[in-house]
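> my questions concern the predicted model and sequence given below.
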Amino acid sequence: DIQMTQSPASLSASLGETVTIECRASEDIYNGLAWYQQKPGKSPQLLIYNANSLHTGVPSRFSGSGSGTQYSLKINSLQSEDVASYFCQQYYDYPWTFGGGTKLELK
Amino acid sequence: QIQLVQSGPELKKPGESLKISCKASGYTFTDYAMQWVKQAPGKGLQYMGWINTQTGKPTYADDFKERFVFSLETSASTAYLQINNLKNEDTATYFCARGRVLIDYWGQGVMVTVSS
(Lines give C-alpha, C1' and ligand atoms only; values in the text may rest on other atoms or scores of the structure.)
Protein backbone atom coordinates (compact mmCIF):
# COMPACT_ATOMS: atom_id res chain seq x y z
CA ASP A 1 0.00 0.00 0.00
CA ILE A 2 1.13 3.57 -0.66
CA GLN A 3 1.88 5.40 2.59
CA MET A 4 0.98 9.10 2.84
CA THR A 5 2.97 11.15 5.36
CA GLN A 6 1.42 14.52 6.11
CA SER A 7 3.06 17.41 7.98
CA PRO A 8 2.72 19.20 10.24
CA ALA A 9 0.21 17.35 12.42
CA SER A 10 -0.97 20.67 13.82
CA LEU A 11 -0.52 24.27 12.85
CA SER A 12 -1.35 27.59 14.45
CA ALA A 13 -1.56 30.68 12.24
CA SER A 14 -2.93 34.23 12.29
CA LEU A 15 -5.71 35.68 10.17
CA GLY A 16 -4.36 36.86 6.83
CA GLU A 17 -1.32 34.61 7.03
CA THR A 18 -0.30 32.10 4.35
CA VAL A 19 -0.03 28.48 5.47
CA THR A 20 1.37 25.43 3.73
CA ILE A 21 0.66 21.78 4.45
CA GLU A 22 2.87 19.05 3.01
CA CYS A 23 2.13 15.49 1.96
CA ARG A 24 4.71 12.91 0.94
CA ALA A 25 3.87 9.63 -0.77
CA SER A 26 5.95 6.48 -0.36
CA GLU A 27 6.13 6.17 -4.15
CA ASP A 28 5.29 8.22 -7.21
CA ILE A 29 1.52 8.85 -7.37
CA TYR A 30 1.57 10.77 -10.66
CA ASN A 31 -0.55 13.67 -9.35
CA GLY A 32 -3.31 11.33 -8.20
CA LEU A 33 -3.78 13.40 -5.07
CA ALA A 34 -6.71 15.16 -3.44
CA TRP A 35 -6.96 17.52 -0.48
CA TYR A 36 -9.99 17.60 1.81
CA GLN A 37 -11.12 20.00 4.51
CA GLN A 38 -13.01 18.66 7.52
CA LYS A 39 -14.63 20.92 10.09
CA PRO A 40 -15.48 19.53 13.55
CA GLY A 41 -18.50 17.22 13.46
CA LYS A 42 -18.79 17.47 9.69
CA SER A 43 -17.86 15.31 6.73
CA PRO A 44 -14.79 16.09 4.62
CA GLN A 45 -15.17 18.44 1.67
CA LEU A 46 -13.09 18.18 -1.51
CA LEU A 47 -10.80 21.16 -2.08
CA ILE A 48 -8.21 20.10 -4.65
CA TYR A 49 -7.96 17.14 -7.04
CA ASN A 50 -5.29 16.01 -9.49
CA ALA A 51 -2.83 17.73 -7.14
CA ASN A 52 -3.56 21.24 -8.40
CA SER A 53 -7.15 21.52 -9.71
CA LEU A 54 -9.61 23.53 -7.61
CA HIS A 55 -12.96 21.80 -6.97
CA THR A 56 -16.11 23.69 -7.89
CA GLY A 57 -16.99 26.42 -5.43
CA VAL A 58 -13.72 26.31 -3.48
CA PRO A 59 -12.24 29.78 -2.81
CA SER A 60 -9.22 30.69 -4.92
CA ARG A 61 -7.09 31.28 -1.80
CA PHE A 62 -6.67 27.49 -1.74
CA SER A 63 -4.12 26.02 -4.13
CA GLY A 64 -2.31 22.75 -4.59
CA SER A 65 1.03 21.90 -6.13
CA GLY A 66 3.61 19.19 -6.38
CA SER A 67 4.54 16.14 -8.38
CA GLY A 68 6.04 12.70 -7.96
CA THR A 69 6.03 11.99 -4.25
CA GLN A 70 5.87 15.53 -2.83
CA TYR A 71 2.71 17.64 -2.69
CA SER A 72 1.51 20.68 -0.84
CA LEU A 73 -1.64 22.62 -0.06
CA LYS A 74 -1.37 26.39 0.35
CA ILE A 75 -3.94 28.66 1.91
CA ASN A 76 -3.41 32.33 1.17
CA SER A 77 -4.80 35.04 3.42
CA LEU A 78 -6.13 32.71 6.13
CA GLN A 79 -9.77 33.30 7.08
CA SER A 80 -11.53 32.26 10.30
CA GLU A 81 -13.68 29.79 8.37
CA ASP A 82 -10.52 27.92 7.32
CA VAL A 83 -10.07 26.55 10.86
CA ALA A 84 -10.41 22.82 10.23
CA SER A 85 -8.48 19.63 9.72
CA TYR A 86 -6.98 18.95 6.32
CA PHE A 87 -6.27 15.55 4.79
CA CYS A 88 -4.43 14.50 1.67
CA GLN A 89 -5.45 11.32 -0.14
CA GLN A 90 -3.84 9.40 -2.99
CA TYR A 91 -6.11 7.77 -5.55
CA TYR A 92 -3.40 6.67 -7.95
CA ASP A 93 -3.44 3.09 -6.68
CA TYR A 94 -5.71 0.85 -4.62
CA PRO A 95 -6.20 0.83 -1.77
CA TRP A 96 -6.66 4.58 -1.65
CA THR A 97 -4.83 5.96 1.37
CA PHE A 98 -5.02 9.12 3.44
CA GLY A 99 -2.46 11.24 5.19
CA GLY A 100 -2.72 11.51 8.95
CA GLY A 101 -4.23 14.99 8.82
CA THR A 102 -3.26 18.53 9.82
CA LYS A 103 -5.28 20.42 12.42
CA LEU A 104 -5.24 24.14 11.63
CA GLU A 105 -6.03 26.58 14.42
CA LEU A 106 -5.98 30.35 14.77
CA LYS A 107 -3.18 31.95 16.72
CA GLN B 1 -28.02 18.98 -5.69
CA ILE B 2 -25.91 15.93 -4.98
CA GLN B 3 -26.66 14.43 -1.58
CA LEU B 4 -25.67 11.32 0.30
CA VAL B 5 -27.90 10.90 3.34
CA GLN B 6 -26.89 8.27 5.85
CA SER B 7 -28.88 6.59 8.61
CA GLY B 8 -28.74 7.61 12.24
CA PRO B 9 -26.30 6.88 15.09
CA GLU B 10 -26.00 3.36 16.45
CA LEU B 11 -25.24 1.99 19.91
CA LYS B 12 -24.43 -1.69 19.90
CA LYS B 13 -22.92 -4.37 22.11
CA PRO B 14 -19.86 -6.44 21.16
CA GLY B 15 -20.85 -9.41 19.02
CA GLU B 16 -23.94 -7.74 17.56
CA SER B 17 -24.39 -6.69 13.92
CA LEU B 18 -25.55 -3.50 12.28
CA LYS B 19 -26.41 -2.20 8.83
CA ILE B 20 -25.87 1.42 7.83
CA SER B 21 -27.65 2.94 4.85
CA CYS B 22 -26.55 5.66 2.44
CA LYS B 23 -29.20 7.08 0.11
CA ALA B 24 -27.97 9.00 -2.91
CA SER B 25 -29.83 11.71 -4.78
CA GLY B 26 -29.10 14.41 -7.34
CA TYR B 27 -27.22 12.17 -9.76
CA THR B 28 -27.49 8.81 -11.52
CA PHE B 29 -26.62 6.29 -8.81
CA THR B 30 -24.98 3.78 -11.14
CA ASP B 31 -22.67 6.35 -12.73
CA TYR B 32 -20.42 6.45 -9.67
CA ALA B 33 -18.93 3.87 -7.33
CA MET B 34 -19.71 4.12 -3.64
CA GLN B 35 -16.74 4.34 -1.32
CA TRP B 36 -16.66 3.72 2.44
CA VAL B 37 -14.35 5.44 4.93
CA LYS B 38 -13.89 4.95 8.68
CA GLN B 39 -12.89 7.65 11.15
CA ALA B 40 -12.20 6.54 14.72
CA PRO B 41 -12.79 9.17 17.44
CA GLY B 42 -10.21 11.94 17.19
CA LYS B 43 -8.35 10.07 14.46
CA GLY B 44 -7.75 10.33 10.74
CA LEU B 45 -9.53 8.77 7.80
CA GLN B 46 -9.18 5.09 6.92
CA TYR B 47 -10.23 3.80 3.51
CA MET B 48 -12.44 0.71 3.76
CA GLY B 49 -13.12 -0.06 0.11
CA TRP B 50 -15.78 0.42 -2.53
CA ILE B 51 -18.66 -1.18 -4.33
CA ASN B 52 -19.29 -1.07 -8.05
CA THR B 53 -22.83 0.30 -8.34
CA GLN B 54 -23.28 -1.20 -11.82
CA THR B 55 -22.29 -4.78 -10.99
CA GLY B 56 -22.63 -4.88 -7.21
CA LYS B 57 -19.09 -6.20 -6.85
CA PRO B 58 -17.43 -5.07 -3.60
CA THR B 59 -13.71 -4.54 -3.06
CA TYR B 60 -12.41 -4.40 0.50
CA ALA B 61 -9.20 -2.93 1.86
CA ASP B 62 -7.15 -5.49 3.81
CA ASP B 63 -8.33 -4.41 7.26
CA PHE B 64 -11.97 -4.79 6.23
CA LYS B 65 -12.06 -8.19 4.49
CA GLU B 66 -13.56 -9.92 7.50
CA ARG B 67 -16.90 -8.93 9.11
CA PHE B 68 -17.64 -6.05 6.69
CA VAL B 69 -20.12 -6.30 3.83
CA PHE B 70 -20.97 -3.68 1.19
CA SER B 71 -24.28 -4.07 -0.64
CA LEU B 72 -26.74 -2.14 -2.79
CA GLU B 73 -30.42 -1.57 -3.38
CA THR B 74 -30.05 0.02 -6.79
CA SER B 75 -33.77 0.65 -7.29
CA ALA B 76 -33.65 2.86 -4.20
CA SER B 77 -30.26 4.47 -5.00
CA THR B 78 -29.05 3.19 -1.66
CA ALA B 79 -25.81 1.58 -0.53
CA TYR B 80 -25.35 -0.35 2.68
CA LEU B 81 -22.52 -1.18 5.03
CA GLN B 82 -23.04 -4.17 7.30
CA ILE B 83 -20.67 -4.90 10.16
CA ASN B 84 -20.92 -8.32 11.78
CA ASN B 85 -19.60 -9.48 15.16
CA LEU B 86 -18.97 -5.92 16.31
CA LYS B 87 -15.85 -5.20 18.36
CA ASN B 88 -14.95 -2.24 20.56
CA GLU B 89 -12.48 -1.05 17.93
CA ASP B 90 -15.33 -0.63 15.45
CA THR B 91 -16.40 2.45 17.42
CA ALA B 92 -16.08 5.17 14.79
CA THR B 93 -17.90 7.37 12.33
CA TYR B 94 -18.51 5.66 9.00
CA PHE B 95 -18.82 7.73 5.85
CA CYS B 96 -20.17 6.75 2.47
CA ALA B 97 -18.73 8.81 -0.35
CA ARG B 98 -19.33 9.10 -4.05
CA GLY B 99 -16.30 8.30 -6.09
CA ARG B 100 -15.31 7.08 -9.52
CA VAL B 101 -11.73 8.28 -9.96
CA LEU B 102 -11.71 10.12 -6.66
CA ILE B 103 -14.12 11.00 -3.85
CA ASP B 104 -16.00 14.20 -4.57
CA TYR B 105 -19.02 14.08 -2.24
CA TRP B 106 -19.44 12.59 1.22
CA GLY B 107 -22.37 11.53 3.37
CA GLN B 108 -22.77 13.14 6.75
CA GLY B 109 -21.39 10.08 8.53
CA VAL B 110 -22.87 7.59 10.99
CA MET B 111 -21.47 7.44 14.50
CA VAL B 112 -21.27 3.85 15.71
CA THR B 113 -20.56 3.13 19.35
CA VAL B 114 -19.75 -0.40 20.46
CA SER B 115 -19.86 -0.85 24.21
CA SER B 116 -20.90 -3.52 26.66
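Perfect, I can see it now.
> what residues does chain B put near chain A?
Counting by CB under 8 Å from any CB of the partner chain, the residues of chain B lying close to chain A are B:35, B:44-47, B:49, B:59, B:61-62, B:95, B:99, B:101-109. Where C-beta positions appear, they are placed from N, C-alpha and C, glycine not excepted.
> go with 7 Å
B:44-45, B:47, B:61, B:95, B:101-104, B:106-109 (CB under 7 Å from any CB of the partner chain).
> measure B:Glu89 to chain A for me?
Note on B:Glu89: its distance to chain A, by CB to the nearest CB, to the nearest Å, is 18 Å.
> narrow the residues of chain B next to chain A to just the buried residues.
B:Gly44, B:Leu45, B:Tyr47, B:Ala61, B:Phe95, B:Leu102, B:Ile103, B:Asp104, B:Trp106, B:Gly107, B:Gly109 (16 or more other CB atoms under 10 Å in any protein chain shown).
> how much space separates the residue nearest to the last one when sequence neighbours are not counted from B:Met34?
Take B:Gly109 and drop its neighbours on the chain: the residue closest to it by CB to CB, 6 or more residues apart in numbering or on different chains is B:Thr93, 4.3 Å away. Distance of B:Thr93 to B:Met34, given as CB to CB, to the nearest Å: 17 Å.
> neighbour count for those two, which is higher?
The residue with more neighbours, out of B:Thr93 and B:Met34, is B:Met34; 25 against 20, by other CB atoms under 10 Å in any protein chain shown.
> mind checking which helix or strand the closest residue to that one other than its chain neighbours is in?
Spatial nearest neighbour of B:Met34, chain neighbours left out: B:Ala79 (4.2 Å); criterion: CB to CB, 6+ apart. Secondary structure from DSSP states H and E places B:Ala79 in strand B:78-83.
> kindly state the beta-bridge partners for the residue nearest to B:Gly109.
B:Gln39, B:Met111 (DSSP bridges).
> for it, what are its contacts?
Neighbouring residues of B:Thr93 by CB atoms under 7 Å, 6 or more residues apart in numbering or on different chains: B:Gln39, B:Gly109, B:Val110, B:Met111.
> what's the closest non-adjacent residue to residue 51?
All of this is about chain A. A:Asn31 (4.1 Å).
> not quite, go with chain B.
Using CB to CB, 6+ apart and skipping the chain neighbours, the partner closest in space to B:Ile51 is B:Phe70 (4.1 Å).
> for that neighbour, phi and psi?
Taking degrees, to the nearest 10, you get phi -100, psi 140 for the backbone angles of B:Phe70.
> try B:Asp90
phi -80, psi -10.
> what about it, how many residues nearby?
19.
> quick one on the thing from earlier: from the contacts of B:Thr93, which is closest to A:Lys42?
Distance to A:Lys42, by CB to CB, is smallest for B:Gly109 among the contacts of B:Thr93, at 8.2 Å.
> the closest one and B:Cys96 touch, don't they?
No: look at B:Gly109 against B:Cys96 with CB atoms under 7 Å: they stay out of range, at 8.6 Å.
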